[in-house]
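In: Sequence first, then the predicted structure, then my questions.
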Amino acid sequence: MVSENEDFSGALPSAKEPSYADLVDEILTVDASPPTERAAQPPARKKKFKPKGLFLGSRRDTGEPIDIKSMVLARHAAMLGSTGSGKTVMAKALIEEAALAKIPSLIIDPQGDLARLALGIEPEELEKEGGDVTRAKKLMEMCEVRIWTPLRSKGLPLCIDPFRAPPSDLDAEEAITAWDMVAAGFTSLAGYDVEKAQGKVVKPFLYEILVEGTKHGLNVGDFQALARVVREPYQEFTRHLYPECFFEVEEGEEKPDVPTWDEVMIEHRLTDFEERLPKTTRNDLARRLSAYSSGVNQLLFSNGVPIDIDSFVEPAVPGKIPLNIVYLNTIQDEAQKQYFVQELSRELYDWMLTQQPADGELKLLFFMDEVAPYLPPHPRNPPAKDLIKLIFKQARKYGVACVLATQNVSDVDYKILAQANTTFIGRFTQPQDVEKVRHLLKESGGDQDLVAQLPTLGPGQFQMVAPDVDPAPVPIQCRWLYTDHGAPLNEDQVEGIISDEIRAWAKTRSSGNTKNRGAGAAHAASRGSAWNRGGLDDEWAAGEAESIIDKARIKAVGGMTAAAHGIVDDSAFETRLMGGFAVLKDGRDPLYTMQATANVASVLALAWTMVALMFAWRDGDLDWWWLFVSVGLSATTCLVIALEMLLSHDAELLHRITRFARTFQLVLVSWLWG
């Protein structure tokens, strides 16, 4: 297979091929002027095309130029094509046109292909290929290209501020959704899968710690502080809310009594944190979080400028159009890459909520190249997927155009691709990819007949399916690029591109300028939260708050619920039987592994005991009631296991069952040893 760089450099045919009728007319046409005059006549000057919108190329059938209104992108776009199809060139042309239309861009670049947008092209080469030198010069004068490099300082160093709270002026639903995203980020960062049973308990626990801590002014703004509160929530909240009870007093002075946790909960409407998560799990969670405050782990959170969308859309030099390229090649760990994209998406979503609804204008172009790792088909659900889906759903209202690109259409959730109202479809030769495109067109109501042409398309040739432009698919040949196109840039090449002026500007974007304490969002989320036991005045209010959470929180389907819907994967059978059988599969928490092993041994011992009692009763060596007690304990054990299996998707009910299981385990151990 030929690479994109070898196959296609962004060429646009200078003219359409002549038809048979044109050749006949040319032969039959007689020029009456003398030969010398004909030779002296200058060639007819081709009229220069002046685009009114985004100039993308020309029609392959008529040669007519194609330009579309920028607002067509408000309903999102997708670029599909195998390696060598010219998909990256088409994407660059779209980004160049957005910049010429004064639309800032935020680009996720996994490999470094799009970083070459910072490099200009020689005017002679562009003119030779029929490109518009004037527009290319204008683009380079207008653009302010910034290449952001997480973990590294080769470009502009970019880091995550996971403790940045949501905006303070959100309503209850928006605040709950935003805080849920924050909690989901920390849950994933700590190594828990929010789709599995343990992650479903850890996430709401962190949600409550973050919301209530922020609301009451408790420090949860760094990893060490958060780890302390996670480990001992009663102690940390009590010390913060009643500091006078912990001050040293002079001899003879009376020191106030430290209130009980029940008193603290009632007065401040707090949840029973320690009942929501066992101490062993809290300790393990605290260890995992505190590990990010030292060593190489902290680079992701401290090296560079914290992600800030306002900084992305505001030019360093007045009048310039920012073009932000997030160069992900500097992150080698796939889990860290997923988390980084998740946090970048969260920042974008929070920023959108602060914007006024767009009135016929685009405020930002959000482009993601090679989205397959972040938007895989169901049932896979990596950390960033729910957020990107949410952005796709709401971005249009806030003037954010989303464009996704992939060469592996079979590896992307077609439901997300189907939301793109404009689709550029390039060459596909694999039958499974062609069939996937057919299914995608069927879902979106497009013309399925065009799939027959896909294997025959050449480099830079696409079928543009855009109902807002033309009801029929538009055969398009991509125009020549105004920027350089070649091999992906490496880190050293990126370092040589960034100007001293842009580096100096980036250093002014400190975390202190962008930190948001988020008390307003915490109060809004707390007002809508039904976790507060007894915190709501009546049953109607409790039901209303529950409905807010049901509507706002991004829900995950896993466990036995997933199995019931025919979704069979590892998570469908990973449930916390009797406090942790399933975590034998996990192995990240040795304490839970020990607990699970003990539970397995207890069940086996119970079965052996019941069999021994049955034989003793049969032989007349034992009264009947001993056997009755044994059967009752065995039946209760089976009931607990069955309930935990069936209700593994419901964190609240699972928590109640686990509390009962702890007490029952003590009775069971006493019976076995007795």
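Out: The structure has been received and is ready for your questions. Numbering: from 1, shown residues only.
In: what about the spatially most central residue of the chain, distance to residue 242?
Out: Residue closest to the mean C-alpha point of the chain, counted by CA atoms, centre = their mean, is residue 384 at 2.1 Å. Distance check for residue 384 against residue 242: by CB to CB, to the nearest Å, it reads 41 Å. (Glycine included, C-beta is placed from N, CA and C.)
In: for residue 471, same thing?
Out: From residue 471 to residue 242 the distance is 69 Å (CB to CB).
In: So for those two, which residue has more residues nearby?
Out: Neighbour totals were compared for residue 471 and residue 242, and residue 242 leads with 17 against 9 (other CB atoms under 10 Å).
In: got a list of what the more buried one touches?
Out: Applying CB atoms under 8 Å, 6 or more residues apart in numbering to residue 242 gives the contacts 256, 258, 259, 264.
In: just residue 240 next, same as before
Out: 216, 217, 218, 219.
In: Can you list the buried residues in the helix or strand hosting it?
Out: Residue 240 belongs to helix 233-241 when assigned by DSSP states H and E. Across helix 233-241, burial judged by 16 or more other CB atoms under 10 Å covers 233, 236, 237, 238, 241.
In: between the residues you listed, which is closest to residue 56?
Out: Residue 56 lies nearest to residue 233 out of those, by CB to CB, at 55.8 Å.
In: which secondary element of this structure has the worst mean pLDDT?
Out: Every helix and strand in the chain was compared by mean pLDDT, DSSP states H and E; the lowest is helix 559-564, with a mean of 33.
In: Leaving out the residues flanking it, which one is nearest to residue 209?
Out: Of all residues not flanking residue 209 in the chain, residue 229 sits nearest, at 5.7 Å (CB to CB, 6 or more residues apart in numbering).
In: What of residue 603?
Out: residue 637 is the one closest to residue 603 (CB to CB, 6+ apart), at 6.7 Å.
In: same check, this time on residue 336
Out: Nearest to residue 336 is residue 300, by CB to CB, 6+ apart, at 6.1 Å.
In: Residue 97 too?
Out: residue 54 (3.8 Å).
In: do the same with residue 163
Out: Closest to residue 163 by CB to CB, 6+ apart is residue 221, at 4.8 Å.
In: how many neighbours does the one you found have?
Out: Count around residue 221 with other CB under 10 Å applied: 17.
In: one step back: ok, of the buried residues of helix 233-241, which one's closest to residue 318?
Out: residue 236 (46.7 Å).
In: where's the closest residue to that closest one other than its chain neighbours, which helix or strand?
Out: Nearest non-adjacent residue to residue 236, counting by CB to CB, 6+ apart: residue 229, 4.5 Å away. Here residue 229 is covered by helix 223-231, with elements defined by DSSP H and E.
In: ditto for residue 326
Out: Per DSSP H and E: strand 321-327 holds residue 326.
In: any weak-confidence spans in the stretch 551-674 of the chain?
Out: Residue ranges of the stretch 551-674 of the chain with pLDDT under 70: 551-599, 641-662, 664-665, 668-669, 671-674.
In: circling back: any chance of the buried residues of helix 233-241 in CSV, plus distance to residue 422 and pLDDT?
Out: Listed next are those as CSV, based on distance: CB to CB, whole Å; pLDDT from 0 to 100:
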residue, distance to residue 422, pLDDT
233, 49, 95
236, 51, 95
237, 51, 95
238, 57, 94
241, 54, 94
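In: Now stretch 305-319: average pLDDT?
Out: The average pLDDT for stretch 305-319 rounds to 94.
In: Name the residues of that stretch that come out as buried.
Out: Quick answer for stretch 305-319 (16+ other CB under 10 Å): 305, 306, 307, 308, 309, 311, 312, 313, 316.
In: among those, which are in strands?
Out: 305, 306 (DSSP state E).
In: Strands along the stretch 101-250 of the chain, start to end?
Out: 105-109, 143-150, 156-159 (DSSP state E, counting those that start in this stretch).
In: now for the shortest one, which elements pack on it?
Out: For strand 156-159, the helices and strands in contact under the criterion 3 or more CB pairs under 8 Å, 6 or more residues apart in numbering; DSSP states H and E are strand 143-150, helix 299-302, strand 305-306, helix 500-507.
In: Same list (the ones you listed) but as TSV, adding distance to residue 448.
Out: Below are those laid out as TSV (distance: least, CB to CB, whole Å):
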stretch	distance to residue 448
strand 143-150	39
helix 299-302	44
strand 305-306	46
helix 500-507	47
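In: Pick the most buried one from those.
Out: strand 143-150 (a mean of 25; mean count of other CB atoms under 10 Å).
In: Would you mind measuring from the residue nearest to residue 336 to residue 65?
Out: Residue 300 is 45 Å from residue 65, by CB to CB.
In: just residue 314 next, same as before
Out: On the measure of CB to CB, residue 314 and residue 65 end up 33 Å apart.
In: The residue lying closest to residue 400 once chain neighbours are set aside - how many residues pack around it?
Out: Of all residues not flanking residue 400 in the chain, residue 364 sits nearest, at 4.9 Å (CB to CB, 6+ apart). Neighbour count for residue 364, taken as other CB under 10 Å: 26.
In: which phi and psi does residue 364 have?
Out: phi -160, psi 140 (degrees, to the nearest 10).
In: now swap in the one 4 residues further on and tell me
Out: Main-chain dihedrals, residue 368, degrees, to the nearest 10: phi -120, psi 120.
In: quick one: contacts for it?
Out: With CB under 8 Å, 6+ apart, residue 368 has these contacts: 107, 108, 374, 388, 402, 403, 404, 405.
In: Please apply the same query to residue 255.
Out: 245, 247, 249.
In: Let me know the pLDDT of it.
Out: 82.
In: just residue 520 next, same as before
Out: Reported pLDDT for residue 520: 59.
In: Tell me how the chain divides into domains.
Out: 20-38+46-157+307-507, 172-299+524-539, 559-673 (automatic domain parsing).
In: got CSV for those, with distance to residue 166 too?
Out: Converted to CSV, those look like this (distance: least, CB to CB, whole Å):
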stretch, distance to residue 166
domain 20-38+46-157+307-507, 5
domain 172-299+524-539, 3
domain 559-673, 22
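In: Could you tell me the least trusted of these?
Out: domain 559-673 (a mean of 60).
In: sorry, back to before: narrow the contacts of residue 255 to just the buried residues.
Out: Of the contacts of residue 255, not one counts as buried by 16+ other CB under 10 Å.
In: wait, which of these is closest to residue 277?
Out: residue 245 (25.1 Å).
In: Right, I'll leave it there.
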